[in-house]
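Undergrad: Give me a 3D structure for the following:
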Amino acid sequence: MTDLSRYADWTAWLTEQAAADPDVHCVWVGGSAATGGYDQWSDLDLDVLCTPGTSTDVYTRWLARASADFDVRGVWAVPEHVWPDGRQCFLHLQDRPGLLLEPTRIIDLHISDLSDAHSHVDVRRHGTPIVLHDPDGLVVLEEEDVSAGIAAALEQARQRRMVDEWLVNRAVARGQVAEAVDFYLRFALGTLVRLLRIEHCPWRYDFGLRYLREDLPPEIADGVEALVPGAASATPEELSLRCYAWVDELLARRPPDA
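TA: Residues are numbered from 1 along each chain as shown. Got it, this is the predicted structure:
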């Protein structure tokens, strides 16, 4: 059981707010508290599901109440277009949480309209949610079908292979250091990690570098980290060559008709 005592005031507040708000149907804790890896630097990831069409109103009410009930030092409101059926914000309860001078107190609050897409949770991808409020038993644990996403990711990796390498190596050859690092991380290392995830943990094929050590075998994770710029003495040209050689090996194991 994850120790959420650092956020005990928040979990109690959330439970109370949910019970008193007729538009709120479910509240649970996710993130690292559910997947593993939760520690003193972790935030509190919260999902709240509401009667369809009310999520924005609930978000506005809850944000105002939280700001009144807690010493909120700042709020990052994620742009509205990111979640067409809801809202998300991060509330930090410390002036400079990034300095890590004390255990983190950051709240990631995601409020959405109730739907199967939000209430059905794949524990392989998101861990087992810590449910704070679900009187009607709407939270369903089931495996998500990611086969279409994997097929699309593989096809894109095949189609983009030559162009991606050209973009990376062109920036390197031109001495455009910042652009070369950006392109390498996105188009070389990012593609490699996606292919490795498809092979070793397909249910989280699209998680990028997050949970790398949890999802990949130790020797594979070591190999990936050895390709991170600055982690070894290899030149950018060498890193690109090694990275794309590994990409080609993985693609060869999955022919287009497989």
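
Undergrad: tell me which residues in the lengthiest helix in the chain are buried?
TA: Assignment by DSSP state H gives helix 147-173 as the longest helix of the chain. Neighbour-count burial for helix 147-173 flags 150, 153-154, 157, 161, 164-165, 167-169, 171-172 (criterion: 16 or more other CB atoms under 10 Å). (Each C-beta comes from the backbone N, C-alpha and C, glycine too.)

Undergrad: Stretch 133-148 too?
TA: 133-134, 139, 146.

Undergrad: for that stretch, how far is the first residue from the last?
TA: From the first residue to the last, stretch 133-148 extends over 32 Å; the measure is CA to CA, to the nearest Å.

Undergrad: What lies in contact with stretch 67-76?
TA: 9-10, 13, 63, 66, 89-95 (CB atoms under 8 Å, 6 or more residues apart in numbering).

Undergrad: ok, so of those, who is nearest A19?
TA: Ranked by distance to A19 (CB to CB), these are led by W13 at 11.0 Å.

Undergrad: Could you find the closest non-adjacent residue to the closest one?
TA: D69 (6.4 Å; CB to CB, 6 or more residues apart in numbering).

Undergrad: Return the distance of that neighbour relative to L14.
TA: Distance of D69 to L14, given as CB to CB, to the nearest Å: 11 Å.

Undergrad: what about the two, which has more around it?
TA: L14 (24 against 13; other CB atoms under 10 Å).

Undergrad: Show residues contacting stretch 220-233.
TA: 181, 184-185, 189, 192-193, 196, 200, 209, 212-213, 216, 236, 239, 242-243, 246.

Undergrad: actually stretch 82-95, sorry about that
TA: 43, 52, 55-56, 59, 63, 66-67, 70-78, 80, 102, 104-113, 115.

Undergrad: Give me the buried entries from those.
TA: Using 16+ other CB under 10 Å, the buried ones in these are 43, 55-56, 59, 63, 66, 104-113.

Undergrad: what's the average pLDDT for stretch 207-214?
TA: Averaging pLDDT along stretch 207-214 yields 93.

Undergrad: oh, I was asking about stretch 130-141
TA: On average, stretch 130-141 scores 97.

Undergrad: Figure out how far that stretch is from the centre of its chain.
TA: Centroid separation for stretch 130-141 versus its chain: 22 Å, with CA atoms, centre = their mean, to the nearest Å.
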